[in-house]
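# When you get a sec, could you give me coordinates for this:
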Amino acid sequence: MELATLRFVESVLSALAVGLLLLPRLIEEDGARFKKPIAAAAVLRLLFGFGLIVASARNIIPAERPLDWPSLSQFISGTVIGKAWVATQMLAAVFAAATLVRLRVSNLWLDRATLGLGLAVLAVVSVTGHAVDDSLPIYTQLSFPFHTLAGLTWIGGLLGLVYWMLTGRGKPPEVAWRLAERWSLIAKAAMVIVLISGLILAWETVGGFGLMLATPYGRLLTVKLALLCSALLLALSLARYLTLSSSKKDFDFAWYSKIGGVEGACALGLLFVAGWIATITPAAHETNVYWPLPFRVTYAGTWGLKVIPWIDPTWQWGVGGAVLAAIAALAWFAPALVAAAGLTPPPQLGQWRKYATSALALAAVVSGTVSLSVQSYPETYTDPPIAYTAASVKRGYETFQANCTGCHGVTGEGNGPMAKGLKVPPADLTAPHVATHTLGDIFHWLTYGGQSGVMPPFGDAISEDERWDIINFLTVLSNSNQSRFLSPKGVIPWLVAPNFALDDPKAETDDIEKLRGVPTLVSFARCKPEDADFAVRVASLNAAAEAVKAMGAHHVTDYFGECPTDPDALTPSHKEATELTYSLINHYLDEPVINEIPEGHFLIDRSGYVRARFRHFGTDDGNLSLLKAQIALTAKEPIVYVSPHQH
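Numbers count the residues shown, from 1 in each chain. Below you'll find the predicted structure:
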């Protein structure tokens, strides 16, 4: 909280100084009466900056370690946050010096330069927060300075406007009107930038709508959005005042100052929450996830399942919502419809439609929400603390075989030996519907038992890590249904390649995720000289190696037996686990499921998605040409950031 408070005070002082610099420029006022407050705010901001770095260091350095000068100096010089703080503090010092010079020197160019320095100080406010995370995409990192610049300019200008109105009662009303009009244009532009950059930042730092309520970061962001909406509604009332007022000479200083003050209070609350958010873990990386509602909204789990008309409640609630919405629209236009019929609408009709339309619209929203809702649990939006790796999938497979095959069957298709005696058939875990549930839902059922009451709880029989291993296994298993359609022609990005460790003689790459940025072909084969197709398989593997090398792609080989060695290829550290994992993906239609891959090749694109699959490279099947074409195509595609929630 101390760090959040310091960030808040520092931001308010910077914003106020910039706001008081900006407003006089809008109406060509000398702004002499604001020089001392501007200088005081700039100097105080500089001083509070020293407290900020101490609080930041204390927030990161373990509590048992004393924060003495050597430790603080090492933190400043040896961390990204420390180096960013030095740069921002130097900029703040130059800005403070310029505001002090303005106390003695009156010069238009000095005023403009000081304003430019102030805007730069606002833009770099975020670089000591989440903006220093270099794992974020470049467009997200660039969104931070635009977001803080626009947001703090709006807040500073708003506070400055209230200050101007309270201290400018002696000014002509026309001047106040002109200032309010011109400031309104800047505020609107700033809000557009704030909303666009805010959406980009929320997309990366939250990771999903569910995490807005399921994480501390998301809940604070929800409060921030509520304060922003309140401020925007008040801003709308100020804009309507300027639009609807009949005379510029009757400008109401008191009313405008009061509404602007309330808007400013909302903006200050928003800014404090924003400073608090900057000190905690983003929702997308949060492990402390708790979903507070007994339901969640999902299209994939409701309408996406192709519900049956007249029978399924999803359809009934959805149609009910649409009907209520139509009636609400009819109620709103009732006076116009009566008048169009040549009748005189009764006086009470106009008042009645307001209440009727509101009630019907609310009922329509509730019905529509119910039609898109499914049951949820406290763990619904929890993601696996166990990484999505081949080793985890193999452990999950083994735990599944030991505990779950009696009902779900060896292949997870719901055909185990105990399935026939159950009143509710076990779920087919290879079916597409599995992907409509969150990983947290499945964890809840594994822990406390299934929805139907037939599946027993495994919370005491299987450890928490083992349950998450099973979920990683089920993630690949459920994808195997769609994986049957993987072909040499490639598919849209949807299946994230499970990660696995690599043995690299050069010690440059330790897992397959490090190969992202360049297409990668992962080849599997089992070669026995006594097999009739041994020579053909060896020729296929050699052809794959030559094609990959010619196209400049990476090559990973998971070979067993006497397969040809590719000196340029990398090999998995745990070959059996990797082969087992990809054997789940290597499921062809109308063929038995086996845990070995006689021969198979998977093309992973630059972002980490499995895009194509090849069974063999023959001399006349055209697969080599298709492989080269797919490598060339994926090499040109932009890299897409794979969210840690996306698997």
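# For Val548, which three-state class applies?
Classification of Val548 by DSSP: H, G, I helix; E, B strand; the rest coil places it in helix.
# OK, contacts around it?
Going by Cβ atoms under 8 Å, 6 or more residues apart in numbering, Val548 touches Leu521, His554, His555, Leu627, Ile631. For every residue, glycine as well, the C-beta is placed using N, CA and C.
# Just give me the closest of these to Thr99.
Nearest to Thr99 out of these is His554 (Cβ to Cβ; 55.1 Å).
# Tell me which two of the contacts of Val548 sit farthest apart.
Using Cβ to Cβ, the two most remote members of the contacts of Val548 are His554 and Leu627, lying 13.4 Å apart.
# Looking at these two, which is more packed in?
When His554 and Leu627 are compared for neighbours, Leu627 comes out ahead with 24 against 21, by other Cβ atoms under 10 Å.
# Find the residue closest to that one in space, skipping its chain neighbours.
In this structure, Leu627 finds its nearest non-sequential neighbour in Ala547, 5.5 Å apart by Cβ to Cβ, 6 or more residues apart in numbering.
# where do the helices sit along the stretch 251-400 of the chain?
Applying DSSP state H, counting those that start in this stretch to the stretch 251-400 of the chain gives helices spanning 253-277, 313-332, 334-340, 347-371, 390-403.
# Which strands and helices lie in contact with the last one?
Other elements packing on helix 390-403 under the criterion 3 or more Cβ pairs under 8 Å, 6 or more residues apart in numbering; DSSP states H and E are helix 464-483, helix 575-585.
# right, and those helices - which one's nearest Pro173?
Closest to Pro173 of the helices and strands packed on helix 390-403 is helix 464-483 (Cβ to Cβ; 66.1 Å).
# Touching the closest one from outside, list them.
The contact list for helix 464-483 (Cβ under 8 Å, 6+ apart) reads 384-386, 388-389, 392-393, 395-397, 399-400, 404, 412, 429-432, 434-435, 439, 442-443, 446-447, 458, 462, 494-495, 498, 581, 584-587, 610, 613, 647.
# Would you mind checking these for buried ones?
If you count burial by 16 or more other Cβ atoms under 10 Å, the buried members of the contacts of helix 464-483 come out as 384, 386, 388-389, 392-393, 395-397, 399-400, 404, 412, 429-430, 434-435, 439, 442-443, 446-447, 458, 462, 495, 498, 581, 584-587, 610, 613, 647.
# Identify the contacts common to His554 and Leu627.
Listed as contacting both His554 and Leu627 by Cβ under 8 Å, 6+ apart are Leu521, Val548.
# now the stretch 451-600 of the chain, which segments are flagged as low pLDDT?
By pLDDT under 70, the stretch 451-600 of the chain has no low-scoring segment.
# mind listing the strands for it?
Listed in chain order, the strands of the stretch 451-600 of the chain (DSSP state E, counting those that start in this stretch) span 495-496, 502-503, 520-527, 554-561, 571-572, 599-604.
# Out of the ones you listed, flag the one nearest Leu233.
Of all the strands of the stretch 451-600 of the chain, strand 495-496 sits nearest to Leu233, with 41.6 Å by Cβ to Cβ.
# Compute the mean per-residue pLDDT across the helix or strand Pro145 falls within, please.
If you go by DSSP states H and E, Pro145 is part of helix 138-167. What helix 138-167 shows for mean pLDDT is 84.
# The very next helix or strand once past that helix packs against which elements?
Using DSSP H and E, the helix or strand that follows helix 138-167 in sequence is helix 173-206. In terms of contacts (3+ Cβ pairs under 8 Å, 6+ apart), helix 173-206 is packed against helix 2-26, helix 138-167, helix 216-244, helix 253-277.
# Could you rerun that using 7 Å?
helix 2-26, helix 138-167, helix 216-244 (3 or more Cβ pairs under 7 Å, 6 or more residues apart in numbering; DSSP states H and E).
# Correct me if wrong: Arg613 contacts Lys489.
No. Arg613 lies out of contact with Lys489 (Cβ atoms under 7 Å); the separation is 9.9 Å.
# hang on, Arg611 is in a strand, isn't it?
Yes. Counting by three-state DSSP, Arg611 is part of a strand.
# hang on, isn't Leu6 packed against Gly51?
Yes. Using Cβ under 7 Å, Leu6 makes contact with Gly51 at a distance of 5.4 Å.
# Compare these two (neighbour count), which wins?
Neighbours were counted for Leu6 and for Gly51 using other Cβ under 10 Å; Leu6 has more, 21 against 15.
# Give me the pLDDT for that one.
Looking at Leu6, its pLDDT stands at 84.
# if I pick it, what's in contact with it?
By Cβ atoms under 7 Å, 6 or more residues apart in numbering, the residues touching Leu6 are Phe48, Gly51, Leu52, Ala55.
# what about the closest residue in space to it that isn't next to it in sequence, distance to Ala40?
Closest residue in space to Leu6, ignoring its immediate chain neighbours: Leu52 at 4.8 Å, by Cβ to Cβ, 6+ apart. Distance, Leu52 to Ala40, using Cβ to Cβ, to the nearest Å: 18 Å.
# Among those two, which residue is more densely surrounded?
Leu52 (20 against 16).
# And that one, how close does it get to Gln89?
Applying Cβ to Cβ to Leu52 and Gln89 gives a distance of 9 Å.
# Please apply the same query to Ala96.
Counting by Cβ to Cβ, the gap from Ala96 to Gln89 is 10 Å.
# more neighbours, these two?
More crowded of Ala96 and Gln89, by other Cβ under 10 Å: Ala96, with 25 against 19.
# Surely that one is in a helix?
Yes. Applying three-state DSSP, one finds Ala96 inside a helix.
# just checking, it touches Leu44?
No. Judged on Cβ under 7 Å, Ala96 makes no contact with Leu44 at a distance of 8.9 Å.
# closest one to Ala507 among the helices and strands packed on helix 173-206?
Ala507 lies closest to helix 138-167 among these, at 28.4 Å (Cβ to Cβ).
# in that closest one, what's buried?
In helix 138-167, counting by 16+ other Cβ under 10 Å, buried: 140-141, 143-165.
# thinking in terms of the whole chain, how far from its middle is it?
Offset of helix 138-167 from its chain centre (Cα atoms, centre = their mean, to the nearest Å): 24 Å.
# circling back: packed most tightly, which of the strands of the stretch 451-600 of the chain would that be?
strand 599-604 (a mean of 24; mean count of other Cβ atoms under 10 Å).
# so what does it touch, helix or strand wise?
If you count contacts as 3+ Cβ pairs under 7 Å, 6+ apart, strand 599-604 packs onto strand 520-527, helix 534-551, strand 609-614.
# contacts for it?
Strand 599-604 has contacts (Cβ under 7 Å, 6+ apart) with 497, 519-525, 537, 540, 544, 582, 586, 610-616, 630-631.
# Recalculate using a threshold of 6 Å.
With Cβ atoms under 6 Å, 6 or more residues apart in numbering as the test, strand 599-604 has contacts from 497, 520-525, 537, 544, 586, 610-614, 616, 630.
# One more: stretch 553-572?
With Cβ under 6 Å, 6+ apart, stretch 553-572 has contacts from 500, 502-504, 515, 518-529, 538, 541-542, 545, 548, 575, 578-579, 631.
# same thing but at 8 Å, please
Residues outside stretch 553-572 that contact it (Cβ under 8 Å, 6+ apart) are 390, 500-504, 509, 512, 515, 518-529, 537-538, 541-542, 544-545, 548-549, 575, 578-579, 582, 631, 635.
# how long is it end to end?
In stretch 553-572, first residue to last residue: 17 Å (Cα to Cα, to the nearest Å).
# and it, how far from the chain's centre?
On Cα atoms, centre = their mean, the centre of stretch 553-572 falls 36 Å from that of its chain.
# going forward, begin numbering at 107 instead of 1
Okay, using 107 as the starting number, the last item reads as stretch 659-678.
# For the residue nearest to Met524 when sequence neighbours are not counted, what is the enclosing helix or strand?
In space, and not counting its chain neighbours, Met524 is closest to Gly512: 4.5 Å by Cβ to Cβ, 6+ apart. Using DSSP H and E, Gly512 maps to helix 511-514.
# Many thanks, I have nothing further to ask.
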